[in-house]
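J.: The following comprises the amino acid sequence and a computationally predicted model.
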Amino acid sequence: MTDMLLIGLYALLSGAVIATGGAIALRLLRGRSILVHIGVLLAATVIAVVSGVVTVAQAMFLSGHDLQVVLITVAASALVSLAVGFTFGRRLAASAVWAAQAEAQERKAEAGRRELVAWVSHDLRTPLAGLRAMAEALEDGVVRDRGTVAEYHRRIGVETDRMTRLVDDLFELSRINAGALRLVPTRIPLADLVSDALTTIAPLAASRRIRLIAADSGWPTVMASEPELARAVTNLLVNSVRYTPPDGTVHIAAGHDRKDVWLAVSDTCGGIPEADLPRLFDVAFRGERARTPAHGTGLPAAMAGGGLGLAIVRGLVEAHGGRVEAHNIDRGCRFVLHIPASPA
């Protein structure tokens, strides 16, 4: 009985020493990844077992041959245990990281939904109140002057168009988030697509004295769904025109490399604070605080965006397997779409 107690004591002491070392290592590595912590924990556990076996084997005064057999057996078992433990620990670490990322993304999405509801409620309540007031004034005959009546009719049309655009953006965003987009890829000459987009926004640019400049050459062909890609390009151009001060310029160019076809829209908006760049493509991030031209945007209310244009751009581009990015350049900023290049 005394020998058994001594064997247990030796095993406990050796295991306690290894466990103490493992605890110290975990404390020193507390800022590292979960995979490192799992690795240290596995190593400490296996080494504690090996240490206990070796200590007891030596205390039993085994012969050299028997001690060698014990050490080989323990070493093989330790290697197998470490390999299996590390493999499953790696999966566990990946699952934990994925779960944490998913939770963070869900919190971010929920915050975005609440912000979107708040923005949409505001954007609908204000024009609806104005429409109701003008309609009641016309119905009750409060406004009789022909010029004033015509102005009321014009303003009703403007506000109706604005709400229609907002509803269209919400519908498009809901399709993107629900995965309901049905892309029909075809070979699209970017020169033709950009030409149509520039024609669409030319009146808006002219009203703000913004020069639209397209590159003379270098326009590739891309495999993409034309309506969705056209909307993404148009949204980028409209965004740049809206936030570029009068007498500024918006430049658009394209090209390709080994992996992607890219399209870039550059403007002279005044730049974007670095802190706002990560949120630029978030839902309902309007960017009033992001763009910093000398005298503000100077936009009338009817031209104000709903904070959905760039979010739609990102959704449409990512649906094509691409990505969109933005960064500051001299006197402005540059938006770049990357679409995977199709085989020739």
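T.: Looks like it arrived, so ask away.
J.: what residues are up against the closest residue in space to residue 39 that isn't next to it in sequence?
T.: Nearest non-adjacent residue to residue 39, counting by C-beta to C-beta, 6 or more residues apart in numbering: residue 86, 6.4 Å away. C-beta here means a position set from N, CA and C on the backbone, and glycine is covered the same way. Listed by C-beta atoms under 8 Å, 6 or more residues apart in numbering, the contact partners of residue 86 are 38, 39, 42.
J.: Out of the residues you listed, which is nearest to residue 103?
T.: Looking at the contacts of residue 86 and their distance to residue 103, the nearest is residue 38, at 19.8 Å (C-beta to C-beta).
J.: In the stretch 101-250 of the chain, mark out all the helices, start to finish.
T.: 146-177, 190-207, 226-243 (DSSP state H, counting those that start in this stretch).
J.: quick check: angle from the longest one to helix 226-243?
T.: For the pair helix 146-177 and helix 226-243, the angle between their directions (axes from the mean of the first three to the mean of the last three C-alpha atoms, to 10 degrees) equals 130 degrees.
J.: helices and strands around helix 146-177, which ones?
T.: Packed against helix 146-177 by the contact rule (3 or more C-beta pairs under 8 Å, 6 or more residues apart in numbering; DSSP states H and E) you find helix 64-139, helix 309-319.
J.: what's the spacing between that helix and its chain's center?
T.: The chain centre lies 29 Å from the centre of helix 146-177; the measure is C-alpha atoms, centre = their mean, to the nearest Å.
J.: And that helix, what's buried?
T.: 152, 156, 159, 162, 163, 166, 169, 172, 173, 175, 176 (16 or more other C-beta atoms under 10 Å).
J.: Kindly report the domain assignment for the chain.
T.: For the chain, automatic domain parsing gives the domain ranges 2-102, 109-177, 186-340.
J.: Let me know which of these is tucked in deepest.
T.: domain 186-340 (a mean of 18; mean count of other C-beta atoms under 10 Å).
J.: distance between the ends of that domain?
T.: 13 Å (C-alpha to C-alpha, to the nearest Å).
J.: try stretch 238-255
T.: Per C-alpha to C-alpha, the first residue of stretch 238-255 is 21 Å away from its last.
J.: Which pLDDT value belongs to the residue lying closest to residue 315 once chain neighbours are set aside?
T.: Distance criterion C-beta to C-beta, 6+ apart; nearest residue to residue 315, sequence neighbours excluded, is residue 176 at 3.5 Å. Residue 176 carries a pLDDT value of 80.
J.: Might you report the residue contacts of residue 176?
T.: Counting by C-beta under 8 Å, 6+ apart, residue 176 has contacts 312, 315, 316, 319.
J.: my guess is the last one meets residue 227, correct?
T.: No - under the criterion of C-beta atoms under 8 Å, residue 319 makes no contact with residue 227, lying 11.8 Å away.
J.: which stretch among the helices and strands packed on helix 146-177 comes nearest residue 185?
T.: Of all the helices and strands packed on helix 146-177, it is helix 309-319 that lies closest to residue 185, at 10.8 Å by C-beta to C-beta.
J.: Next one: residue 216 from residue 253, what distance?
T.: Note on residue 216: its distance to residue 253, by C-beta to C-beta, to the nearest Å, is 9 Å.
J.: ditto for residue 161
T.: 31 Å.
J.: Same list (the helices and strands packed on helix 146-177) but as TSV, adding distance to residue 193 and mean pLDDT.
T.: Listed next are the helices and strands packed on helix 146-177 as TSV, based on distance: least, C-beta to C-beta, whole Å; pLDDT from 0 to 100:
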stretch	distance to residue 193	mean pLDDT
helix 64-139	29	75
helix 309-319	13	89
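J.: okay, the ones you listed in a markdown table with distance to residue 271 next?
T.: As requested, the helices and strands packed on helix 146-177 are exported to a markdown table (distance: least, C-beta to C-beta, whole Å):
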| stretch | distance to residue 271 |
| --- | --- |
| helix 64-139 | 24 |
| helix 309-319 | 16 |
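J.: Would you check how far apart residue 75 and residue 41 are?
T.: Relative to residue 41, and taking C-beta to C-beta, residue 75 is found at 20 Å.
J.: likewise residue 17?
T.: 16 Å.
J.: ditto for residue 138
T.: 76 Å.
J.: so residue 251 sits in a helix?
T.: No - checked against DSSP: H, G, I helix; E, B strand; the rest coil, residue 251 lies outside a helix; its state is strand.
J.: Throw the helices of the stretch 101-250 of the chain into a markdown table and include distance to residue 327, thanks.
T.: Compiled in a markdown table, those are given as follows (distance: least, C-beta to C-beta, whole Å):
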| stretch | distance to residue 327 |
| --- | --- |
| helix 146-177 | 24 |
| helix 190-207 | 21 |
| helix 226-243 | 14 |
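J.: Tell me which of those lies nearest to residue 272.
T.: It's helix 226-243; of these, that one is closest to residue 272 (C-beta to C-beta) at 9.3 Å.
J.: No more questions from me, cheers.
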